[in-house]
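*Asks:* what follows is a predicted protein model with its sequence.
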Amino acid sequence: MRYALLVYNNVEVRDRIPEERRRITAEIAEVLSRPNVTGWLRLHDVESATTVRYEQGRTLLTDGPFLDSKDFLGGFIVVEVENLDGALAVAGELQELRGAAAIEIRPVHEERHIGA
């Protein structure tokens, strides 16, 4: 079964000193290179976001994230594991290495949607 690990960062963690970030990145790279990690993407900082909304019959574009928060979605990792316990194990290991604000785990729909 595939799970998406949504990695939320904290602005304060993002701004750590460069040497500490390099060490954390090297340790995380080890986890991301495992065969059960089938994909991962890092996102640009939250300030680069554009939000699309539909309100009162109009499409509105807004610079920045939808919510004002000190935590932001920094990326996601897809793992192929037997069950939720396997996904929790990977997320727990990543959390110990980097101290993210949070890692949210969601099962991935396996069926393809029309047009996908």
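*Replies:* Happy to help now that I have it. From a predicted model like this one, the values you see are computed outputs, not experimental measurements. Numbers count the residues shown, from 1 in each chain.

*Asks:* can you count the residues close to the closest residue to Asn83 other than its chain neighbours?
*Replies:* Closest residue to Asn83 in three dimensions, ignoring its sequence neighbours and counting by CB to CB, 6 or more residues apart in numbering: Met1, at 6.5 Å. Where C-beta positions appear, they are placed from N, C-alpha and C, glycine not excepted. Around Met1 sit 13 other residues, with neighbours defined as other CB atoms under 10 Å.

*Asks:* for Phe72, see how far away Met1 is.
*Replies:* 27 Å (CB to CB, to the nearest Å).

*Asks:* count of neighbours near Tyr8?
*Replies:* The local packing of Tyr8 (other CB under 10 Å) involves 16 other residues.

*Asks:* pretty sure it contacts Ile105?
*Replies:* No: look at Tyr8 against Ile105 with CB atoms under 8 Å: they stay out of range, at 11.7 Å.

*Asks:* return the helix or strand in this structure with minimum mean pLDDT.
*Replies:* None of the helices or strands of the chain scores lower by mean pLDDT, DSSP states H and E than helix 11-14, at a mean of 67.

*Asks:* report all helices and strands that the strand or helix carrying Leu94 contacts.
*Replies:* In this structure, Leu94 sits in helix 84-98 according to DSSP states H and E. In terms of contacts (3 or more CB pairs under 8 Å, 6 or more residues apart in numbering; DSSP states H and E), helix 84-98 is packed against strand 2-10, helix 18-32, strand 71-80, strand 102-107.

*Asks:* the longest one to strand 71-80, inter-axis angle?
*Replies:* Inter-element angle recorded for helix 18-32 and strand 71-80: 30 degrees (by axes from the mean of the first three to the mean of the last three CA atoms, to 10 degrees).

*Asks:* check which element follows helix 18-32 along the chain.
*Replies:* strand 37-42.

*Asks:* now Glu82, nearest residue through space, not along the chain?
*Replies:* Met1 (6.8 Å).

*Asks:* I figured the one you found hits Val78, correct?
*Replies:* No: taking CB under 8 Å as the definition, Met1 is not a contact partner of Val78, at 11.1 Å.
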